[in-house]
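S.K.: requesting a structural model of the entry that follows:
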Amino acid sequence: MAISSVSAVNLEELKWETNNEDPPIGSEKAKRGGTYYDSISAYPLTFRLYGPNSNDAFAGWNRSYAISTFNLVLRHPSTDRFIPCLATHWSVQDDQRTIYFRLDPDARWTDGKPITADDYVFSHQFQQTKNFPLPFYNRYMEDYFESVEKIDDHTLKIVGTKRSWRPLDDYNFVPLPRHDMQTDADWPVRDNYKPPVVPGPYIISAWKEGERVEFKRREQWWGESKRYFTGMFNVDRIVLRVINQNDRAFDYFKKGELSFYPILSARMWSTQMEFDALKNGWVHRKRLFLDYPQGMYGLVMNLNTPIFQSKDFRKAVQHLFNFKELNDKLMYGAYYRQVSAFEGTEYANSKLKAYPFNPRNAREHLVKAGFSKRGRDGILEGSGGRKASFTVIFGSKTFERHMTVIQNTFKRAGIEMKLRLLEPGAAFEKGLEKAFEMQLFSRTAGFYPDPHQYFSSEFKEVKQNNNIWSFGDPEVDRLIDIYRYDLDKKKRQEAMVKIDEIIQDSAFYIPFWKAPFLRFLYWDYVQFPDTFFPKRTQQPLDYQVFWIDEDRRKRLEDAKRNNTSLGEDKVIDIDPYGVKAAMD
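M.R.: Below is the predicted model:
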């Protein structure tokens, strides 16, 4: 692989920056060792980090040790300031698009080879390949990176395509092992179940198809002594058991076969917390309030399907979504309605109001869409006998009750919504392939919204990306470019407010609900920092700051064997960042 030309620059004259002042992400009290048990909803479709099927239910774990955490620099999840990661120092030039990075000479791949500037040059080239589908990465590299150059083994120069108001966010990416990956067309098949070589502390060490995948921590990990990795990645072994349905995972947890269990269901949180392990203090129950962007979550419509090509039909569906009924009857009033596509960020349009539940308005839109008469089955029909009917795909049985309530509301209005519950990985893949009419959709969000990957026309007709609704609009494209490239913050905010307005008016996304907290259970041998997770945590997996206390594990086993109590933990709500206090 050819390496980019060396740039003539006096490195000593550059103004280098770093940050060794913020607190460690984890706790200095953390202990190394032990085995942690968790679950995934489907067996991995691949172990690869890129290419076909690499965005499935297993991807969050797999990417934690390569893509999610190991950029050149990171934003500290509690202070929001940039901190070193694979680069120890950085120098942003006056043009706001040229950045020099000093790479950490200690950094190593999991096979022991050093991480060098060559690996970034290769990563840049790999993500531009057309030999197999990488549409998002292809476009990302084309849009953001003019060049990636090696100055020396541990100095990298990145030049972006445009001046950026956030250069360390835009021109910041991960390396790929030049010595271990190829770009030929056969690579995705050849390496489909090959454990990837990564910069993080864990490697895929064992697996049994359909049953489990295991990670093992490296004996000597280069990040061991780094300030910001203090108290992170503490356990020696992670066992991920494949459990297809969420309620079954809860049973496994209560039997002690899983270490940790996130609770997504308000019903479960409110009605299924009366079990002996919790009362005996063997298990702890927490609701941790956090401050983070909410991401997009709700029902989405595929604009390529005939039924949803009518905006009036989409607006009718919007007016038939009864959030209050769902929240009151099924979710114990625990949630708040989402409205914006950029919920929880400074770029959300605060003036937007959710479509109100209004069957009368829905009927008016249905008539405009050509559905004015009911057939014998009570379903509205249009010209040529076409029915007001579609199928919704979802990937968790937990939501079957919610979908049934929505289905019944639609039926009373003359719309047939057929429910199709799939295995989670299959449902996710249907979305990426745009092979659905309506789907339950969920994505987390970064520090800044990324409307480009969700709403740009560039991805409208391309599969395997996050524009799963096949949306494209020239005005939105123009506004996205203002947000991406304009250095004037006021103009960026105005553009995003307008995008939010257009997305809502287009009516292909029905936002669900939000909750600024994580609810979870864990066995007593699992320990956490005083704040449990950093402030910007969205998913428990984001920052692996937990650890296993073997003394507490032994104490727990003795208590279970003798059926004795450790004392019930009655402190449930944890508000280390004042989020709950601010809402109250």
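
S.K.: show me the strands in the stretch 401-550 of the chain, by range?
M.R.: Ranges of strands within the stretch 401-550 of the chain are 416-421, 438-443, 509-511, 513-514, 517-523, 526-527, 547-548, based on DSSP state E, counting those that start in this stretch.

S.K.: of those strands, give the one that comes closest to residue 338.
M.R.: Checking the strands of the stretch 401-550 of the chain against residue 338 by CB to CB gives strand 509-511 as the closest, at 3.7 Å. Every C-beta, even on glycine, is put in place using the N, C-alpha and C of the backbone.

S.K.: each with direction, which strands does that closest one pair with?
M.R.: Next to strand 509-511 in the sheet, as set by DSSP bridges, lie strand 296-301 (antiparallel).

S.K.: give me the most central residue, the protein.
M.R.: residue 444 (3.8 Å; CA atoms, centre = their mean).

S.K.: dump the residue contacts of that residue.
M.R.: Residues touching residue 444, when contacts are defined by CB atoms under 8 Å, 6 or more residues apart in numbering, comprise 295, 538, 539.

S.K.: switch the cut-off to 6 Å
M.R.: Applying CB atoms under 6 Å, 6 or more residues apart in numbering to residue 444 gives the contacts 295, 538.

S.K.: ramachandran angles for it?
M.R.: Summarising the backbone geometry of residue 444 under the convention degrees, to the nearest 10, its torsions are phi -80, psi 170.

S.K.: same check on residue 239?
M.R.: The phi/psi pair for residue 239 (degrees, to the nearest 10) is phi -110, psi 120.

S.K.: could you report the neighbour count for it?
M.R.: Here the number of neighbours of residue 239 (other CB atoms under 10 Å) works out to 18.

S.K.: renumber starting at 55 from here on
M.R.: All set: I'll call the first residue 55, so the last point we hit is now residue 293.

S.K.: ok, it to residue 303 distance?
M.R.: Computed as CB to CB, to the nearest Å, the residue 293 to residue 303 distance reads 14 Å.

S.K.: please apply the same query to residue 266.
M.R.: Residue 266 is 13 Å from residue 303, where distance means CB to CB.

S.K.: settle it for me: which of these two has more neighbours?
M.R.: residue 303 (20 against 17).

S.K.: a strand runs through the more buried one, doesn't it?
M.R.: No. Membership of residue 303 in a strand is not supported by DSSP: H, G, I helix; E, B strand; the rest coil, which gives helix.

S.K.: show me where the stretch 55-204 of the chain has strands.
M.R.: Counting by DSSP E, counting those that start in this stretch, the strands of the stretch 55-204 of the chain are 89-94, 127-129, 136-138, 141-146, 152-157, 199-206.

S.K.: now stretch 116-136, how far from the chain's geometric center?
M.R.: 13 Å (CA atoms, centre = their mean, to the nearest Å).

S.K.: how about stretch 573-580?
M.R.: That offset, for stretch 573-580, works out to 22 Å (CA atoms, centre = their mean).

S.K.: likewise stretch 606-614?
M.R.: So, by CA atoms, centre = their mean, the centroid of stretch 606-614 is 35 Å from its chain's centroid.

S.K.: so for it, what gets flagged as buried?
M.R.: By 16 or more other CB atoms under 10 Å, the buried positions in stretch 606-614 come out as 606, 607, 610, 613, 614.

S.K.: which other residues reach that stretch?
M.R.: Here stretch 606-614 makes contact (CB under 6 Å, 6+ apart) with 336, 578, 579, 620.

S.K.: report back the residue of this protein that's furthest from centre.
M.R.: Distance from the C-alpha centroid of the chain, by CA atoms, centre = their mean, peaks at residue 430 (44.2 Å).

S.K.: how much space between that one and residue 467?
M.R.: When distance is defined by CB to CB, residue 430 is 17 Å away from residue 467.

S.K.: quick one: average confidence on stretch 213-227?
M.R.: Averaging pLDDT along stretch 213-227 gives 94.

S.K.: got the CA positions of that stretch in CSV?
M.R.: Taking C-alpha atoms only, stretch 213-227 is exported to CSV below (Å, rounded to 0.1, in the frame of the first residue of the first chain):
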residue,chain,number,x,y,z
VAL,A,213,-6.6,18.2,5.8
GLY,A,214,-10.3,18.5,5.6
THR,A,215,-12.3,19.5,2.6
LYS,A,216,-13.6,22.7,4.1
ARG,A,217,-13.1,25.2,7.0
SER,A,218,-14.9,23.7,9.9
TRP,A,219,-16.4,25.2,13.1
ARG,A,220,-15.6,21.9,14.8
PRO,A,221,-12.5,20.5,13.1
LEU,A,222,-11.6,18.1,15.9
ASP,A,223,-15.0,16.5,15.5
ASP,A,224,-15.1,16.5,11.8
TYR,A,225,-11.5,15.5,11.0
ASN,A,226,-11.1,12.8,13.6
PHE,A,227,-11.3,9.2,12.8
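
S.K.: what residue ranges in the stretch 105-254 of the chain score low on pLDDT?
M.R.: With pLDDT under 70 as the threshold, the stretch 105-254 of the chain has no low-confidence stretch at all.

S.K.: now the strands for the stretch 205-354 of the chain?
M.R.: Per DSSP E, counting those that start in this stretch, the stretch 205-354 of the chain has strands spanning 209-214, 256-262, 266-271, 291-296, 314-316, 337-343, 350-355. These are given in chain order.

S.K.: any chance of CSV for these, columns distance to residue 166?
M.R.: Putting the strands of the stretch 205-354 of the chain into CSV (distance: least, CB to CB, whole Å) gives the following:
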stretch, distance to residue 166
strand 209-214, 21
strand 256-262, 11
strand 266-271, 15
strand 291-296, 20
strand 314-316, 31
strand 337-343, 37
strand 350-355, 40
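
S.K.: which two among the contacts of stretch 606-614 are spaced furthest apart?
M.R.: Set against one another by CB to CB, these have their most distant pair in 579 and 620, with a gap of 10.9 Å.

S.K.: for residue 57, give me the pLDDT.
M.R.: Residue-level confidence at residue 57 comes out at 39, pLDDT.
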